[in-house]
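1. Here is a sequence together with a model predicted from it:
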Amino acid sequence: MADVAPDSVGASSFGAAAEAYDAYRPAYPDAVVDWLLPGAPRTVLDLGAGTGKLTDSLVARGLDVIAIEPDASMLALLRSRHPEVCAMQGAAEQIDLLDASVDTVVIGQAWHWMDADRASAEIARVLRPGGTLAAAWNEEDPSRASWLPEFDSLDLAPRGRLVDARFPLSPFEPVEELRHTWTRSVRVADYLGEQRSRSSWITATPAQRDERIGHWNHLLATHADLVGRGVLEIPYLTYAWRTRAV
């Protein structure tokens, strides 16, 4: 599995499209969220919480949620949606919480932006003994839709995805893995809105954006079977990993 190095430019780019991110990015399937939370935890840290896509599911389960997000614009949206959550600006590499203060740490769509060594040490510090570290990614699944690679062929930067060799191995137990397939019905306009929430779009030059828009318009015009109802059926594969603090 390819190593994905943290990218400070990409990681800090999402605030420019916080509203699009919140409006168009998918939530996480309930089955995955349940799997991320073994052992009936009470206090859960959502690390790199963004606008609260995973926070939503944690709050719905009645958990005591702490959300930490480095980007001020993303954090402001999360706070407006979940004023009951303890939400603070911060980073995985320096977590402003007491030792052994949370039962579980969850990371949605964000591990690849973190410095693995420093984040691992901080997560281990704030977890109670035997606590869970869990991470999840929603990824479009081109193996179940032949047109998806065409849409992605002009991606301007590699999408951060998957856990690789940098995922914590110490001081954590061996990693467990889950792969969950599902399908999401999305209006064409919303799908294009989601594309514009990606770091590769946000950090692109005007010329690169124009090129991508032309590419999308061409594909939509030549794939009438996809857009006849104005809705796309997007297959997803959600990857999830979890491990326990020693």
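-> Everything's here; your move.
2. ok, so what distance separates the residue most central in space within the chain from Ala100?
-> Taking CA atoms, centre = their mean, the centroid of the chain lies closest to Gln109, which sits 1.9 Å from it. Taking CB to CB, to the nearest Å as the measure, Gln109 falls 26 Å from Ala100. Quick note: C-beta positions are derived from backbone N, CA and C, even for glycine.
3. what sits against Trp241?
-> Contact analysis of Trp241 by CB atoms under 8 Å, 6 or more residues apart in numbering lists Ala134, Ala135, Ala136, Val163, Phe167, Val175, Glu176, Glu177, Leu178.
4. Tabulate the residues you listed (a markdown table), appending neighbour count, secondary structure and pLDDT.
-> Converted to a markdown table, the contacts of Trp241 look like this (neighbours: other CB atoms under 10 Å; DSSP: H, G, I helix; E, B strand; the rest coil; pLDDT from 0 to 100):
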| residue | neighbour count | secondary structure | pLDDT |
| --- | --- | --- | --- |
| Ala134 | 25 | strand | 96 |
| Ala135 | 26 | strand | 95 |
| Ala136 | 25 | strand | 94 |
| Val163 | 22 | coil | 48 |
| Phe167 | 18 | coil | 72 |
| Val175 | 16 | coil | 91 |
| Glu176 | 14 | strand | 94 |
| Glu177 | 9 | strand | 93 |
| Leu178 | 15 | strand | 95 |
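5. right, and the pair among those with maximum separation?
-> Phe167 and Leu178 (13.8 Å; CB to CB).
6. Just checking, which helix or strand of the chain averages the lowest pLDDT?
-> helix 8-11 (a mean of 42; mean pLDDT, DSSP states H and E).
7. so Val65 makes contact with Asp46?
-> Yes - in this structure, Val65 is within contact of Asp46 by CB atoms under 8 Å, at 6.1 Å.
8. Scan the chain for its longest helix.
-> In the chain, assigned by DSSP state H, the helix with the most residues is helix 206-222.
9. chain center to that helix: distance?
-> Its chain's C-alpha centre and that of helix 206-222 lie 25 Å apart, by CA atoms, centre = their mean, to the nearest Å.
10. I'd like the average pLDDT over it.
-> Averaging pLDDT along helix 206-222 gives 80.
11. Could you pull up the contacting residues of Ala145?
-> Glu233, Ile234, Pro235.
12. Kindly report the same for Arg42.
-> Contacts here follow CB under 8 Å, 6+ apart; on that basis Arg42 touches Leu63, Asp64, Asp103.
13. same deal with Ser80?
-> For Ser80, the contact set (CB under 8 Å, 6+ apart) is empty.
14. Can you tell me how far it is from Thr55?
-> Look at Ser80 and Thr55: by CB to CB, they are 12 Å apart.
15. hey, where'd the strands end up in this structure?
-> For the chain, applying DSSP state E gives strands covering 43-47, 64-69, 86-89, 102-108, 127-140, 176-187, 231-244.
16. Columns distance to Glu19 on top of these, output as JSON lines?
-> As requested, the strands of the chain are exported to JSON lines (distance: least, CB to CB, whole Å):
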{"stretch": "strand 43-47", "distance to Glu19": "19"}
{"stretch": "strand 64-69", "distance to Glu19": "15"}
{"stretch": "strand 86-89", "distance to Glu19": "17"}
{"stretch": "strand 102-108", "distance to Glu19": "18"}
{"stretch": "strand 127-140", "distance to Glu19": "19"}
{"stretch": "strand 176-187", "distance to Glu19": "17"}
{"stretch": "strand 231-244", "distance to Glu19": "21"}
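17. so where is the chain shaky, pLDDT-wise?
-> For the chain, the stretches with pLDDT under 70 are 1-17, 152-166, 168-169, 224-229.
18. Can you get me a residue count around the residue lying closest to Asp64 once chain neighbours are set aside?
-> Nearest residue to Asp64 in three dimensions, chain neighbours excluded: Thr43, at 4.6 Å (CB to CB, 6 or more residues apart in numbering). Using other CB atoms under 10 Å, the number of residues around Thr43 comes to 16.
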